[in-house]
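[1] Quick check, what structure comes out for this input:
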Amino acid sequence: MKKSLVILFVFVGLASFKSFAQTTKAGSQNRIIKVDFNKTAGKLNTMFKECIGAGRANEGLRADWQQQLALVKKECDFKYIRFHGLLTDDMAVYREDEKGNPEYNYQYVDVLFDFIVSLKMKPFVELGFMPNALASGKETIFWWKGNVTPPKDYKKWEDLVRNLTQHFKERYGDEEVKTWYFEVWNEPNLSPGFWSSTQAEYYKLYDYAVRGVKAVNPAYRVGGPATAGSAWVAETIDFCAKNNLPIDFVSTHTYGVKHGYLDEFGTSGTILNQDEWSVSGEIINSRKLIKESAKPNLELHYTEWSSSYTPADPIHDSYHSAAYILQKLKQVGNAANSMSYWVFTDIFEEAGPRFTPFHGGFGLLNTQGIKKPAYFSYYLMNKLGETELQNSDKASWTSKNAKGDVQVLLWDFTNTHPGDKELNQTYYIKDLPSKEKGKVKIEVDGMQKGKYLLEIYKVGYKVNDAYADYLAMNKPSQLTREQVNSIKEKNNGAPIATEKITIDAQGMFSKEFKINENDVVMLNLIKQ
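    Just a heads-up that it's a prediction; the model follows:
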């Protein structure tokens with residue numbers, strides 16, 4: 001099949017291909033997104049904003065981290081937040097006296113969890129890593145030294161989990177904690193890495209952790225295996241079924257690059273996967289594995305996902321990320337209960353504190369709180385109405401809300417990466433102008449008669465593209481206050497245009513515009 005046809009199928013959709021696609025220039029197409037205000041597809045699935053990731057618990061005690069989370073909650077409305085290191089020594093949760101008796105302390109945990117709850121968010125509690133006083137060995141991961149060894153005493157591990165869960169119940173109330181998730185460990189299939197032992201030993205850790213949580217309330221939700229690369233899904237369900245162990249959800253992770261799973265410093269190099277179903281195909285397959293298992297109705301949570309698994313990958317800063325995120329979430333459809341983007345901020349110290357303002361960090365925001373193109377994917381999705389409209393186009397969402405407003409969010413994802421001959425680390429730091437992809441025509445029938453304000457939002461090459469502005473400044477290793485403010489002002493996500501529209505008795509809205517590779521465009525029709 002020719003490459004141009006593949007691109008057509010992906011972005012126009014098989015259903016609309018025959019009717020609407022016509023070639024205007026080599027490699028570009030016309031595309032029509034035609035919907036009817038009265039033809040709905042049900043409630044909009046908002047799994048994309050169920051959960052968001054953050055680096056580690058201790059970073060959540062910082063004022064700038066908390067300010068950024070408050071902003072992200074307000075503008076993107078994530079419901080849950082997940083992070084590593086809740087039980088690591090920098091959270092001061094556990095020690096033992098001279099006789100080996102456990103001592104528990106939740107002062108730091110309370111500061112963090114109180115803040116999360118105050119934002120009307122909920123913790124997706126990752127139980128890890130091992131407190132040093134409880135650890136059986138010295139192996140650690142990351143600059144902040146999370147201990148990745150099994151407990152020296154499994155009963156003490158169970159007691160710690162139970163005591164912590166009991167504390168949550170007493171502080172936040174039974175009904176609140178019933179809505180949380182407790183996830184056992186992180187990526188135990190990466191050994192060495194996040195777990196110094198075997199799969200069997202992980203299941204033992206899981207067994208004792210589940211007992212600890214369920215002893216406080218059997219209704220509290222526990223799951224795992226929180227693996228890298230969608231691993232151990234079927235085996236974990238099978239283990240729990242055979243051993244009569246509770247499992248309330250499956251969690252796992254996936255990233256959109258080839259080669260490996262863990263690279264703190266970005267030194268191995270990554271290549272964006274050319275496979276059209278990279279990321280989304282894995283998620284759909286995980287759902288299939290659950291359906292075929294002894295527990296076919298389990299929830300599926302992807303508690304980490306992104307274009308790349310290293311916090312030194314410039315695709316995270318690139319405008320290509322915005323369309324990539326939307327494309328993958330749309331492809332996933334209803335297969336996952338949540339897709340937790342890893343992570344909301346570059347205040348993230350796995351490789352130690354970073355020395356430049358843009359370094360390919362995972363965050364939707366950089367350390368100074370500058371919004372990257374990826375941020376605006378979530379910002380615009382959060383503007384969608386609660387009711388989805390029927391729509392055959394494969395790279396858009398159309399919706400309405402109770403007030404009669406209509407939203408059309410569309411994108412073009414074109415993987416321009418040259419493939420195996422170049423790494424992300426050298427490709428996405430370049431100035432990468434986007435090529436034309438023809439015209440898009442939006443048609444909405446059946447609209448209510450009246451006056452509307454049309455807001456048009458855009459993300460793309462040099463539009464809400466903070467990295468392009470950073471490049472234009474010759475990539476200073478430190479930004480002045482003025483430079484930060486200037487980049488923030490230029491990339492604030494405000495509409496690029498607004499106009500007043502009158503819809504007559506015919507109830508028809510129509511608009512046509514040009515689109516480039518990896519553009520994201522939103523039309524928001526607000527009834528006056």
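
[2] got a pLDDT number for the residue nearest to residue 406 when sequence neighbours are not counted?
    Setting aside the residues directly before and after it, residue 406 is nearest to residue 525 in space (CB to CB, 6 or more residues apart in numbering), at 4.4 Å. The way it works is simple: take the backbone N, C-alpha and C, and place the C-beta from them, glycine included. pLDDT, residue 525: 98.

[3] secondary structure element for residue 168?
    helix 154-172 (DSSP states H and E).

[4] same check, this time on residue 476
    Following DSSP H and E, one finds residue 476 outside all helices and strands.

[5] my guess is it meets residue 483, correct?
    Yes: the pair residue 476 and residue 483 qualifies as a contact (CB atoms under 8 Å) at a distance of 7.1 Å.

[6] neighbour count winner among the two?
    residue 483 (17 against 12; other CB atoms under 10 Å).

[7] Look up the pLDDT of the more buried one for me, please.
    pLDDT recorded at residue 483 is 97.

[8] again with the one 5 residues further on
    Residue 488 carries a pLDDT score of 98 in this model.

[9] The residue nearest to residue 128 when sequence neighbours are not counted: neighbour count?
    Leaving aside its chain neighbours, residue 128 sits nearest to residue 185 (4.7 Å; criterion: CB to CB, 6+ apart). Residue 185 sits with 22 neighbouring residues when counted by other CB under 10 Å.

[10] How about residue 502?
    Other residues within reach of residue 502, judged by other CB under 10 Å, total 9.

[11] That one and residue 306, how far apart?
    For residue 502, the distance to residue 306 (CB to CB, to the nearest Å) stands at 43 Å.

[12] And for residue 51?
    Look at residue 51 and residue 306: by CB to CB, they are 13 Å apart.

[13] any idea where the helices of this structure begin and end?
    3-12, 14-20, 63-76, 107-118, 154-172, 174-178, 199-216, 233-242, 280-291, 320-332, 373-381, 424-427, 466-472, 481-490 (DSSP state H).

[14] Skipping adjacent residues, who's closest to residue 178 in space?
    Spatially, and ignoring its direct neighbours in sequence, residue 178 is nearest to residue 219 (5.3 Å; CB to CB, 6+ apart).

[15] From residue 174, how far out is that neighbour?
    When residue 219 is compared with residue 174 (using CB to CB), they lie 8 Å apart.

[16] do residue 44 as well
    31 Å.

[17] Show me which of the two is the more surrounded one.
    Shown here are residue 44 and residue 174; by other CB under 10 Å, residue 44 has more neighbours (20 against 13).

[18] wait, what's in contact with that one?
    Residues in contact with residue 44 (CB atoms under 8 Å, 6 or more residues apart in numbering) are 384-388, 397, 399.

[19] which of these are buried?
    Among the contacts of residue 44, the ones that count as buried by 16 or more other CB atoms under 10 Å are 384-385, 387-388, 397, 399.

[20] Residue 510 reaches residue 447, doesn't it?
    No: look at residue 510 against residue 447 with CB under 8 Å: they stay out of range, at 10.6 Å.

[21] Settle it for me: which of the two has more neighbours?
    Neighbour tally, residue 510 and residue 447, criterion other CB under 10 Å: the higher count belongs to residue 447, 22 against 11.

[22] Verify the stated contact: the more buried one with residue 509.
    Yes: here residue 447 lies in contact with residue 509, judged by CB under 8 Å, at a distance of 5.6 Å.
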